[in-house]
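Novice: A predicted structure for the sequence below; I have some questions about it.
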Amino acid sequence: MTDHVVRLYAVALAVLVLFLTWAAVAARPWAPAAAEQDPRVAALERREARLRQRSERVERQVARRFARYERRLRERRREIAAVRVDNASAAASLPASPPATAPSVGVVSLPPVTSSSSS
Amino acid sequence: MERHAFPAMGTEVEALLDVPGGPEVVLGLASVEREFLRLEALLTRFDPDSELSRLNREGALEAGDDLLAVVAHALAARERTEGRFDPTVHDALVAAGYDRTFELLVGGPGTEAPPRTSGGVRIRGRRIEVDPGVRLDLGGIGKGYAVDRAVAILAPLGPCLVNAGGDLAVAGVPERGVWPVRVETGSGPVTLGLAHGALATSGSDRRRWPAGDRIHHHLIDPETRRPSDSDLLRVTVAAPTATEAEVLAKALFLAGEGAAAAEADSLGVPALLVTRDGRTRTAGGLA
């Protein structure tokens, strides 16, 4: 019975030792520290950050300009609508347009300036 | 009188301005030539890249202002003339041998009249649709439309006349009071004085070519889909616009002498009819 308990403790200890060893290996203590990051990667990260900032600036600028454009568009549409109303009331006050003018033609004895032959 | 002549739309175009010369006149006359060339590029059936050729090839398209306007005029004219003026005679013209610009036409045997089509052409908003097998020819009416456009360009500069191979329109009163225009009758030329409006002449005496043992001409009878056998040789008509005059001249030509004279009288359309046997008849109050 005592041997059995000892064996159980031994197995538990062995499992613990195995787990600790695995954790130590997984931590990769031999890997270089963060401060020793590849300079190319660091440069790329800096560049990405700069581009992100610029992109945000451009987006803000575009949003401002679009808002200004929409405001002017609304004003222009109001002006056009007002002109249309004016035109409509002006047209309504005109007399009805006469029918297309009938041609006026007759035989004359003048020297011709041109001729009409079969087209 | 300032004059500018140039070739366009398969004919000789001349523009007259009854004002002293100057830079504005030169520009105005040049604008007329540019307008003709622009419209020719859109409306010709001989250029596969023209808007009209695309419509004929594809059966439908979103049309520009000019094609839309000319097709609308043509369809209205077809209704008004009960089909004597018909823009869907394209295939009949080709079958008769008129399959290239007239300068290049050499004649040939000619083929049978093409099968009758539905003639269906629809305008929906800016979209023009033609039924399968329907193709449009806007040669004559396109010329009339171009004349009207050209006169509108020149009119602000002074009294003017634009003549595209017989389809002519005037605006403004010239120094002599009217625009004297020579017209051939059966017994020699007469001069018609046009104060305002337009004149057009349609006839089988020009644009003719040999086809086998016959002589074909370009005035197709939509009923037979062959060159018309009208007893008229030539019809000259006055109308408010060149577009309308062109339509009326063709419709009266196809109607034949008796019906044409009666129609011109009833509509009050001044017309000069020359028959194939050389007689001349006036109608519609022309004196």
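Specialist: Thanks, I have it.
Novice: Which parts of the lowest-mean-pLDDT helix or strand in chain B count as buried, going by neighbours?
Specialist: Averaged element by element with mean pLDDT, DSSP states H and E, chain B has its least confident helix or strand at strand B:208-211 (a mean of 73). Residues of strand B:208-211 classed as buried under the neighbour-count rule (16 or more other Cβ atoms under 10 Å in any protein chain shown) are B:208-209, B:211. (Glycine included, C-beta is placed from N, CA and C.)
Novice: What of stretch B:171-180?
Specialist: Going by neighbour count (16+ other Cβ under 10 Å), the buried part of stretch B:171-180 is B:171-172, B:174, B:178-180.
Novice: Tabulate the residues you listed in TSV, adding columns for pLDDT and distance to chain A.
Specialist: What follows is the buried residues of stretch B:171-180, written out as TSV (pLDDT from 0 to 100; distance: Cβ to the nearest Cβ, whole Å):
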residue	pLDDT	distance to chain A
B:Ala171	94	11
B:Gly172	92	13
B:Pro174	90	8
B:Val178	93	6
B:Trp179	95	6
B:Pro180	95	4
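Novice: Of these, which belong to strands?
Specialist: Among those, the subset assigned to strands under DSSP state E consists of B:171, B:179-180.
Novice: any chance of the residues you listed in a markdown table, plus distance to A:Arg7?
Specialist: Rendered in a markdown table, the data for these read as follows (distance: Cβ to Cβ, whole Å):
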| residue | distance to A:Arg7 |
| --- | --- |
| B:Ala171 | 121 |
| B:Trp179 | 129 |
| B:Pro180 | 134 |
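Novice: remind me, longest helix of chain B?
Specialist: Within chain B, and with DSSP state H defining each element, the longest helix by residue count is helix B:23-43.
Novice: oh sorry, the question was meant for chain A
Specialist: With secondary structure taken from DSSP H, chain A has its longest helix at helix A:39-93.
Novice: Show me what the helix or strand that it is followed by packs onto, helices and strands only.
Specialist: Downstream of helix A:39-93, the first helix or strand assigned by DSSP states H and E is strand A:104-108. Counting contacts by 3 or more Cβ pairs under 8 Å, 6 or more residues apart in numbering or on different chains; DSSP states H and E, strand A:104-108 is packed against strand B:188-203.
Novice: buried sites along the strand it packs on?
Specialist: In strand B:188-203, counting by 16+ other Cβ under 10 Å, buried: B:190-203.
Novice: Next, A:Ser17: secondary structure please.
Specialist: Rather than Ser, residue A:17 is Val. Recorded secondary structure, A:Val17: helix (DSSP: H, G, I helix; E, B strand; the rest coil).
Novice: Tell me how many other residues crowd it.
Specialist: Look at A:Val17: counted by other Cβ atoms under 10 Å in any protein chain shown, it has 10 neighbours.
Novice: B:Gly133 too?
Specialist: Neighbours around B:Gly133, by other Cβ under 10 Å: 15.
Novice: Quick check: nearest residue in space to it, chain neighbours excluded?
Specialist: Leaving aside its chain neighbours, B:Gly133 sits nearest to B:Thr117 (4.5 Å; criterion: Cβ to Cβ, 6 or more residues apart in numbering or on different chains).
Novice: And that neighbour, how far from B:Arg100?
Specialist: Shown here: B:Thr117 relative to B:Arg100, a distance of 22 Å by Cβ to Cβ, to the nearest Å.
Novice: Looking at the two, which is more packed in?
Specialist: Between B:Thr117 and B:Arg100, counted using other Cβ under 10 Å, B:Thr117 has the larger neighbour count: 17 against 12.
Novice: what sits against the more buried one?
Specialist: When contacts are counted by Cβ atoms under 8 Å, 6 or more residues apart in numbering or on different chains, B:Thr117 touches B:88, B:91, B:131, B:133-134.
Novice: Next, count neighbours for B:Lys279.
Specialist: In this structure residue B:279 is Arg, not Lys. Neighbouring residues of B:Arg279 were enumerated by other Cβ under 10 Å; the total is 15.
Novice: Within range of chain B, give me the residues from chain A.
Specialist: Counting by Cβ under 8 Å from any Cβ of the partner chain, the positions of chain A adjacent to chain B are A:100-119.
Novice: give me that answer again for 6 Å
Specialist: By Cβ under 6 Å from any Cβ of the partner chain, the part of chain A that sits against chain B consists of A:100-101, A:103-108, A:110, A:112-119.
Novice: And the pLDDT for the closest residue to chain B within chain A?
Specialist: Residue nearest to chain B within chain A (Cβ to the nearest Cβ): A:Pro103, separated by 2.6 Å. Predicted confidence (pLDDT) for A:Pro103: 79.
Novice: hang on, the earlier thing: of the residues of chain A next to chain B, keep whichever come out buried.
Specialist: For those, a burial check counting by 16+ other Cβ under 10 Å picks out A:103, A:105, A:108, A:112-119.
Novice: Let's have the residues you listed in TSV, adding secondary structure.
Specialist: Formatted as TSV, the entries for these read as follows, by three-state DSSP:
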residue	secondary structure
A:Pro103	coil
A:Val105	strand
A:Val108	strand
A:Pro112	coil
A:Val113	coil
A:Thr114	strand
A:Ser115	strand
A:Ser116	strand
A:Ser117	coil
A:Ser118	coil
A:Ser119	coil
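Novice: Any idea which of those residues the model trusts least?
Specialist: For these, the minimum pLDDT belongs to A:Ser119; the value there is 72.
Novice: ok, that residue - contacts?
Specialist: Neighbour list for A:Ser119: B:165-167 [criterion: Cβ atoms under 6 Å, 6 or more residues apart in numbering or on different chains].
Novice: Report pLDDT for the residue nearest to B:Gly133.
Specialist: Among the per-residue scores, B:Thr117 shows a pLDDT of 77.
Novice: With B:Arg54 instead?
Specialist: With respect to pLDDT, B:Arg54 scores 96.
Novice: got it, and B:Ala150?
Specialist: So, for B:Ala150, pLDDT stands at 96.
Novice: Could you verify my assumption that it touches B:Val32?
Specialist: Yes - applying Cβ atoms under 6 Å, one finds B:Ala150 in contact with B:Val32, separated by 4.4 Å.
Novice: Comparing those two, which shows the higher neighbour count?
Specialist: Counting neighbours by other Cβ under 10 Å for B:Ala150 and for B:Val32 shows that B:Ala150 has the greater number, 29 against 26.
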